[in-house]
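Colleague: A structural model of the following input is requested.
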Amino acid sequence: MPHRTLTYIIPTILIVFFSSQLLAAVKIVECEDEQGNKSFQKTCPPGYSVLSEKRLSTGKKEPDRINPKNISADLYMVPDNCEACSKAKDFLNALGINVNQINVADDIESQNKLKEIGGELRVPVTIIEDKILKGFTRSDFENTVKELGLELSSN
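Modeller: The predicted structure follows:
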């Protein structure tokens, strides 16, 4: 019998412990004195009135993770003899970002669009969400995807 009891007690204790970590909260009270000065306290001191009360979670919250498949990029490029184009494409593909490759080599309409966006007929030009990146500098690409909330691996 003691073994069976332990089989139920240990999981119950673990569940209660981890649940309490998630549900932990602190009560904060907004207080105001007679002169209208406001402060936030655990409880209002004498002479202060309670304006509002809030419970703030103290448990660990996972940061919001951005799915790279939800980020899109347009890459104006030429497929041959453009090392920077290949690097930009490889960088985005490695992160799992959807890349729309726009070949401007023989397409006048795409060339005109590239000139409109980048101010000149030079590749690559990458548009990630609303950010425009000219050329390929790894640090610029890393900073842009970090600003969008995408985590980079440490390698």
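Colleague: now do the domain split for this structure, please.
Modeller: Taking automatic domain parsing as the criterion, the chain consists of the domains 23-60, 68-147.
Colleague: buried residues in the shortest one?
Modeller: To tie it back to what came earlier, the one meant is domain 23-60. By neighbour count with 16 or more other C-beta atoms under 10 Å, domain 23-60 contains the buried residues 29, 30, 31, 44, 48. For glycine as for every other residue, the C-beta is placed from the backbone atoms N, C-alpha and C.
Colleague: helices or strands up against the helix or strand hosting the second one?
Modeller: Which is residue 30. Residue 30 belongs to strand 25-32 when elements are defined using DSSP states H and E. When contacts are defined as 3 or more C-beta pairs under 8 Å, 6 or more residues apart in numbering; DSSP states H and E, strand 25-32 packs onto strand 38-41, strand 49-57.
Colleague: quick check: which of the ones you listed is nearest to residue 131?
Modeller: Residue 131 lies closest to strand 49-57 among the helices and strands packed on strand 25-32, at 32.9 Å (C-beta to C-beta).
Colleague: okay, now the sheet partners of the next helix-or-strand element following the closest one, with direction.
Modeller: As assigned by DSSP H and E, the chain's next helix or strand after strand 49-57 is strand 72-77. If you go by DSSP bridges, strand 72-77 pairs up with strand 98-103 (parallel), strand 125-128 (antiparallel).
Colleague: what residues sit buried inside the first one?
Modeller: Applying a neighbour-count criterion of 16+ other C-beta under 10 Å, the buried positions in strand 98-103 are 99, 102.
Colleague: just checking, what packs against the next helix or strand after it?
Modeller: Downstream of strand 98-103, the next assigned helix or strand under DSSP H and E is helix 108-118. Helix 108-118 is packed against strand 72-77, strand 98-103, strand 125-128, strand 131-134, with contacts defined by 3+ C-beta pairs under 8 Å, 6+ apart.
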